[in-house]
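Student: Predicted model, plus sequence, below.
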Amino acid sequence: MEQHRAVVVGAGIGGLTAAVALRRQGWSVTVLERAAALAPVGAGIALAPNAQRALDVVGLGDRVRELSAWQGDGGMRAPNGRWLARTSARAAAERFGGPLAVLHRATLVDLLAAALPDGVIRTGAAAALADPGDDRRPATVRTPDGDIEAELVLGADGIHSAVRHALFPDYTGLTYSGFTTWRVVVPTPGRPFAPHETWGAGRLWGTQPLKDGRTYAYAMAPAPAGAHAPDGEKAELLRLFGDWHHPVPDILAAAGADGVLRHDVHHMPRPLPAFHRGRVALLGDAAHAMQPTLGQGGNQAIEDAVVLAHHARPGLPPSRALAAYTAERLPRTTAIVRKAARTGRLTLVSARPAVAVRDTLIAAVSRFGPGLVLRGFDGIADWKPPAPAPAGPHGGPA
């Protein structure tokens, strides 16, 4: 029986999850990665229950949970250490069907890559979409080693996606958010601390322990696009956060001068008209780049992957399969992109009177218990994957 071929452009978390999911649907898959090696950003990722359930679909959910640290009781703090709101891990698990799992991105990428046979991932393989194809002809991807024809092509090539530009050359909705992020992974400080996110005046810091004895920390602050600190990013973080509460100073002291990652935040507040054209679909940041304020960027890419594989069954006309994918994913991700942007505006309020009002409101809401704080993730963290198609008389999809 002839296998249908799928090409995935980009070997990030979304692209690799899609490759694993498509293989489970019977596709022959090739993953093309421009970089010379799989080298995920050296930082952590928090997988909410929605992403964990998506990984269950591809048989990796339990392994991810084994490798992850569970987010314990913590909450939101002010820079002086005062608690603005407390969160309950138990309440979150009861509300959304499980706790938040935190692990290093490299761990997740390694796990996904190991679920694919040798030869599926081709690194150092720059790719360009030459023809999106249609129901009558395959799509074509151009590589230095020659053209590849495929029944399905996935653009998982990130925020500045070349595949997106090829499909929608007139789209100009990618926007700089006005702030940048820093990320660092260091040995866990000796003095204990609770997981937290700290909101200051136009600045944010978050700290999450990992399971391997390290701690993942992230920070956000307004900055001109493309800016960099002349004396290094660690020095910049010390200026911005050096006098904040424990464990922030200890984490900064442990960070190496070259161990701080800095990335400007771009997002897509104006959605694409569709997530597909012809035989090509977009997923993850290529489709719906969002601000990191809800921690859902990677989670939504994983959701995309399993939903796309659910609809893209071999033999189904691509126009029908990918239209169903767009119909299911575009409204959901558009709403989350916009909610993340609203949260970003609230997080980075800088005027002192506005900061005082914001913090007072957060503290007042938290007095009603963790359920009211968690309500902001209703409809996001409680998502469930689509049910498999019912079996037909010969064992295949009906």
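Tutor: Structure received.

Student: Can you tell me how far Pro49 is from Ala91?
Tutor: Separation of Pro49 from Ala91 (C-beta to C-beta, to the nearest Å) stands at 13 Å. Backbone N, C-alpha and C define where each C-beta goes, glycine included.

Student: Between these two, tell me which one has more neighbours.
Tutor: Between Pro49 and Ala91, counting by other C-beta atoms under 10 Å, Pro49 is the more crowded of the two (24 against 15).

Student: Let's see the pLDDT reported for Pro332.
Tutor: Careful, residue 332 is Arg; it's not Pro. Note on Arg332: pLDDT of 98.

Student: before we move on, which element is it in?
Tutor: Per DSSP states H and E, Arg332 falls inside helix 318-347.

Student: Surely Arg270 is in contact with Gly173?
Tutor: Yes - between Arg270 and Gly173 a contact is recorded at 3.6 Å, counting by C-beta atoms under 8 Å.

Student: doesn't Arg34 make contact with Ala126?
Tutor: Yes - counting by C-beta under 8 Å, Arg34 is a contact partner of Ala126 at 4.9 Å.

Student: so how far is stretch 19-31 from its chain's centroid?
Tutor: Offset of stretch 19-31 from its chain centre (C-alpha atoms, centre = their mean, to the nearest Å): 21 Å.

Student: List the buried residues in that stretch.
Tutor: For stretch 19-31, a neighbour-count test (16 or more other C-beta atoms under 10 Å) marks Ala19, Val20, Ala21, Leu22, Arg23, Gln25, Trp27, Ser28, Val29, Thr30, Val31 as buried.

Student: doesn't the fifth one fall inside a strand?
Tutor: Put plainly, it is Arg23. No - if the criterion is DSSP: H, G, I helix; E, B strand; the rest coil, then Arg23 is helix and not within a strand.

Student: Which residues are in contact with it?
Tutor: Applying C-beta atoms under 8 Å, 6 or more residues apart in numbering to Arg23 gives the contacts Val29, Leu116, Val120.

Student: what do you get for the second one?
Tutor: Under the criterion of C-beta under 8 Å, 6+ apart, the neighbours of Val20 are Val58, Leu60, Leu112, Ala115, Leu116, Ala305.

Student: go with 6 Å
Tutor: Neighbouring residues of Val20 by C-beta atoms under 6 Å, 6 or more residues apart in numbering: Val58, Ala115.

Student: On the three-state scheme, it is what?
Tutor: Looking at Val20 with three-state DSSP, the answer is helix.

Student: pLDDT at it, what is it?
Tutor: 98.

Student: how close does it sit to Ala85?
Tutor: 37 Å.

Student: Would you map the helices across this structure?
Tutor: 13-24, 49-57, 61-67, 89-96, 105-114, 162-167, 233-241, 248-254, 285-288, 297-311, 318-347, 352-366, 370-374 (DSSP state H).

Student: Dump those helices to CSV, plus distance to Leu38.
Tutor: Below are those laid out as CSV (distance: least, C-beta to C-beta, whole Å):
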stretch, distance to Leu38
helix 13-24, 9
helix 49-57, 18
helix 61-67, 17
helix 89-96, 30
helix 105-114, 6
helix 162-167, 19
helix 233-241, 24
helix 248-254, 26
helix 285-288, 17
helix 297-311, 15
helix 318-347, 25
helix 352-366, 40
helix 370-374, 35
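
Student: got the contact list for the closest residue to Ser350 other than its chain neighbours?
Tutor: Nearest non-adjacent residue to Ser350, counting by C-beta to C-beta, 6 or more residues apart in numbering: Gly202, 3.2 Å away. Residues in contact with Gly202 (C-beta under 6 Å, 6+ apart) are Pro222, Leu348, Ser350.

Student: Buried members of those into ChimeraX, please.
Tutor: Of the contacts of Gly202, the buried ones can be selected in ChimeraX as follows, counting by 16+ other C-beta under 10 Å:
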select :348
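
Student: The residue nearest to Ser350 and Gly74, how far apart?
Tutor: Between Gly202 and Gly74 the computed distance is 22 Å (C-beta to C-beta).

Student: gap between the nearest residue to Ala324 once chain neighbours are set aside and Ala327?
Tutor: Leaving aside its sequence neighbours, Ala324 sits nearest to His311 (C-beta to C-beta, 6+ apart; 4.5 Å). Distance of His311 to Ala327, given as C-beta to C-beta: 9 Å.

Student: What of Gly98?
Tutor: Distance from Gly98 to Ala327, by C-beta to C-beta: 27 Å.
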